[in-house]
Every structure is written in structure tokens, then in C-alpha cells.
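**Student:** predicted model and sequence below, questions to follow.
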Amino acid sequence: MTSEMNENGSVNPTPADPNDETSDLDRAEFEAMLDAQDAGHAGGAEPKHGQAVTGTIVQIGDQDAFVDCGFRTELPLAVAELRDADGKLTHAIGDKVEAHVQKAGDGFKLTRAINLKEAGRKALADAWTNGTPVRGKVGDTNKGGFSVDLGGVRAFCPFSQIDLRRADDPTVFVGREFEFRILEFAEEGKNIVVSRRALLQVRRDSAATETRSTLKLGDVREGTVTRLVPFGAFIDIGGVEGLVHISQISHQRISHPGDLLKEGQAVTVKVLEMQNLGQGRSERISLSMKALASDPWPTTASSLTPGTDVEGRVTRLVDFGVFVELQPGIEGLIHISELANRRIIHPREVVNEDEAITVRIVDVDLGRRRISLSRRQAADYDGD
């Protein structure tokens, strides 16, 4: 189309000459501009198989929902993929949804399930490279370890890598969720080995550094029982282990720490002694639970009256006599000469450990914390 100036100075349009080739060129350019505009609206590309997209749900039908991802047309997504395990619809029109493009005949559709697993493997590969913790759910036990579900990707965790200490009963971890570090990522993610212990050790080392820098004699600390041994209990007080000797567990005399404690139990302890902090196996930290417990001796012992009979429990047999617990934390001694009216060579001839017996209180020495007892002077003694 052309134009010309009239006598009034205005412009009159002139019909385009059908034989003028320039009109076809203008039309072609215009159509190209429209195509470019449409392409710009569509993100500049057609959908590609496997492409990750984020779109807006514009319609939800019985079988398919349609999602606007910025392409020329909306793509279908199976409504089943928008429902939870109970079949309840979890999305509505206008919601954003992340999905992957999948080839469907001559066209495309969206899925949130199939290629998401591949995307998960890519994320796990990045976590392995960067040392980033991943969260997983412990499944069944098998030979040597556990299966772990990392968001739909199966991994393996050896028994030795599930905790800082080997568990006597591995099934206690089944069904629980933890953070893991990926130790091995092979065969494009088909062989993944993870460790919870690696993360726990890093956190423990960090806590230990902090604990050692602030620990002082006389400190009172919260701790957790980690191990019970015949001579005491090891307590974790923040990445660092100390020992409560059996004599420091309670004012009550016990034969084994397991009589009062169990692994995993939370306890409060007092720091009695420290040696070679941070120097490996030479590090020694002595702790006490007894120091924080009230001493029953002054009150209980002062209530005992010489000449009266009381019930007790035999706690120890020694060559020279028998120790008897009268109340928790309060023991007295029966000299071997006071065990029977006849001469005996050893206390085991007449009493046994843990046996309940009646004794007479002979003397109470509060200053020396000693209580003298007699079995043969008790009113119910049978004269054996």
C-alpha cells in the first residue's frame, strides 16, 4: 500500500498494486514478526523429552489436568499424579506444579513420577560430590546392613555405619528417618552406599572440641550412658567420654553398674579429675554421680539405736565378716565372731550374699561412719 499528498496537505491512502512485489515482502515480514512473538511467548522452544518444567494448572478433568508451562499449548498431566496415597486431590486450579516432559505418541505429556527418579539420582550425585547430607528412611535389614530409601532411590547402609556404636538389635533403626552421607555413588546411581556414622562422627568431633575448651574441675554436666563395664559406666558429656567408677555411681553399694544404669540413660555428673585432654587414648576424665546425690548417712545412721533389731541384706562376704545393707547407702559390719554361736572358718558357712537376715545394732560411730552389727545376738537367731 502507498500514499500521496493532496492539495490540503493531508495524506490519502493509495490502493496497493496487486503486481507490486513489495506488498508480499511486507506481509511476509509481518507474519515472521507474529511467529517471533509467539515463539517468545512459548519460551523460545518446543517441549523436549525429559525436560524439567514448572507450570500452572489451568484445568482439572476426570483423567487429565492441563498445565500451562509457557509452551504454545497446555500439556496434559494425569490427575492420578495429583492425588495422595489416600486418593485425595492435593492440587487445585492455579497451583504451581513441577514435572517432566514425556513423549506421548506424536505429542507430549507431563509426569511427576517417571523422570523424577532420574532427577533424584542427579541430586544425589551432586550430594555425593559436595558431601551434602541426604535424608533417607531405613528399610529392611539384609545381609550386612540396611536398605535405605532416598526419596525413591534405593541405597545400602552397612550395619557398622548406622551409628557410632554397633547396635545389638539392628531392627531398632528400621522405619526411622535419618540424615546420611553418601560414601559411594556408582553405576550412575544404581549402587549407592550411605553412612549415618560419618555424619555423627563429624558432629561428635565438633562437640568434643567445644567441650574440651570449656571443661573445668567441679563442672556439673548432663550426659548419656554409652557403655556399662564391671568397673563403672562411660558417660558422653558432649562428644567426650568420661568414666563414673562403680564406687561413684551411688551411695548405695552395687555389684554392677547395670543394677542402677542402662545404656542410653540420661544422667547428671560432676567432673572430679581430668588428664591429657585431647590426647587420644591417654585422655582421662573421672566423673561422679554420687557427689551430686544427697548423702543418706548423717540422717539415717543417727536414727539407728544400739540394742535394737533391724532387717538387712547381705551385700559382701569377706574373711573377717559380712557387710549388711540396712538401708540404701547405709551398711554395717558383722564380725565373723558375731555370726554364729559356734566357731566358723568363713562366713559362707552360715550366710549367703543377697540373703535377708535380722541383725542387732551393737554400735554406731557417726564420726568414723561405722556400724557394728551382730547376727547371733538378734532376738530371732536360731543358734545354728
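**Tutor:** On my side now, so go ahead. Residues are numbered from 1 along each chain as shown.
**Student:** quick one: buried residues of stretch 328-345?
**Tutor:** Residues G329, I330, E331, G332, L333, I334, I336, E338, L339, A340 are the ones in stretch 328-345 that count as buried (16 or more other CB atoms under 10 Å). Just so you know, the C-beta spots here come from the backbone N, C-alpha and C atoms, and that holds for glycine as well.
**Student:** what of stretch 368-384?
**Tutor:** Of the residues in stretch 368-384, those buried (16+ other CB under 10 Å) are I371, S372, L373, S374, R375, R376, Q377, A378, Y381.
**Student:** first-to-last residue distance for it?
**Tutor:** Start to finish, the residues bounding stretch 368-384 are 32 Å apart (CA to CA, to the nearest Å).
**Student:** with stretch 169-187 instead?
**Tutor:** Stretch 169-187 stretches 32 Å from its first residue to its last (CA to CA).
**Student:** do stretch 347-363 as well
**Tutor:** Using CA to CA, the end-to-end distance of stretch 347-363 comes to 21 Å.
**Student:** hey, where'd the helices end up in the protein?
**Tutor:** With DSSP state H, the ranges of helices along the chain come out as 21-41, 114-130, 197-214, 297-302.
**Student:** which stretches of this structure have low pLDDT?
**Tutor:** Across the chain, the stretches falling below the confidence threshold (pLDDT under 70) are 1-45, 50, 84-87, 112-119.
**Student:** which strand residues bridge the spatially most central residue of it?
**Tutor:** The chain has F178 as the residue nearest its centroid, 5.4 Å off, counting by CA atoms, centre = their mean. According to DSSP bridges, G136 are recorded as the beta-bridge partners of F178.
**Student:** just checking, it touches V138?
**Tutor:** Yes. With contact taken as CB atoms under 8 Å, F178 and V138 are classed as touching, separated by 6.9 Å.
**Student:** how close does the residue nearest to N352 when sequence neighbours are not counted sit to L373?
**Tutor:** Spatially, and ignoring its direct neighbours in sequence, N352 is nearest to V314 (6.6 Å; CB to CB, 6 or more residues apart in numbering). Separation of V314 from L373 (CB to CB, to the nearest Å) stands at 11 Å.
**Student:** overlap in contacts of these two?
**Tutor:** V324 (CB atoms under 8 Å, 6 or more residues apart in numbering).
**Student:** how about the contacts made by the residue nearest to the centre of the chain?
**Tutor:** So F178 contacts R135, G136, V138, R196 (CB under 8 Å, 6+ apart).
**Student:** of these, which is the most crowded?
**Tutor:** If you count neighbours using other CB atoms under 10 Å, the busiest of the contacts of F178 is G136, which has 26 neighbours.
**Student:** now do the contacts for that one.
**Tutor:** G136 sits next to V148, D149, L150, G151, A155, E177, F178, E179, F180, V194 when contact means CB under 8 Å, 6+ apart.
**Student:** most neighbours, which of those?
**Tutor:** Neighbour counts for those were taken using other CB under 10 Å; the highest belongs to V194, with 31 neighbours.
**Student:** grab the nearest non-local neighbour of that residue.
**Tutor:** F180 (3.9 Å).
**Student:** how is the protein carved up into domains?
**Tutor:** Residue ranges for each domain of the chain read 52-112, 130-199, 215-292, 297-374, as given by automatic domain parsing.
**Student:** start and end of the second one, how far apart?
**Tutor:** Its first and final residues considered, domain 130-199 spans 14 Å by CA to CA.
**Student:** test my guess that V244 contacts V269.
**Tutor:** Yes. The pair V244 and V269 qualifies as a contact (CB under 8 Å) at a distance of 6.2 Å.
**Student:** anything in contact with each of the two?
**Tutor:** By CB under 8 Å, 6+ apart, V244 and V269 have these common neighbours: I235, L287, S288, M289.
**Student:** the stretch 201-350 of the chain: strands as residue ranges?
**Tutor:** In the stretch 201-350 of the chain, the strands defined using DSSP state E, counting those that start in this stretch lie at 220-229, 232-236, 241-245, 266-275, 284-288, 309-318, 321-327, 330-335.
**Student:** hey, which of the ones you listed is tucked in deepest?
**Tutor:** Of the strands of the stretch 201-350 of the chain, the one with the most neighbours on average (mean count of other CB atoms under 10 Å) is strand 232-236, at a mean of 23.
**Student:** relative to strand 284-288, how tilted is that one?
**Tutor:** Orientation of strand 232-236 against strand 284-288 (axes from the mean of the first three to the mean of the last three CA atoms, to 10 degrees) gives an angle of 110 degrees.
**Student:** give the contact list for the spatially closest residue to A127 that is not a sequence neighbour.
**Tutor:** Excluding the flanking residues, the one nearest A127 by CB to CB, 6+ apart is V134, at 5.0 Å. Going by CB under 8 Å, 6+ apart, V134 touches L124, A127, L150, E179, F180, R181, I182, V194.
**Student:** for F159, same thing?
**Tutor:** Contacts were defined as CB under 8 Å, 6+ apart; by that measure F159 touches T141, G144, G145, F146, R166, A167, P170.
**Student:** kindly recompute the last result at 10 Å.
**Tutor:** F159 makes contacts with T141, N142, K143, G144, G145, F146, R166, A167, P170, F173, as judged by CB atoms under 10 Å, 6 or more residues apart in numbering.
**Student:** and which of those residues is nearest to L260?
**Tutor:** For L260, the nearest member of the contacts of F159 is A167. The distance, counting by CB to CB, is 22.6 Å.
**Student:** the closest one reaches R196, doesn't it?
**Tutor:** No. Using CB atoms under 10 Å, A167 and R196 do not qualify as a contacting pair, with a distance of 11.3 Å.
**Student:** please enumerate the shared neighbours of those two.
**Tutor:** Taking CB under 10 Å, 6+ apart as the contact rule, the neighbours common to A167 and R196 are F173.
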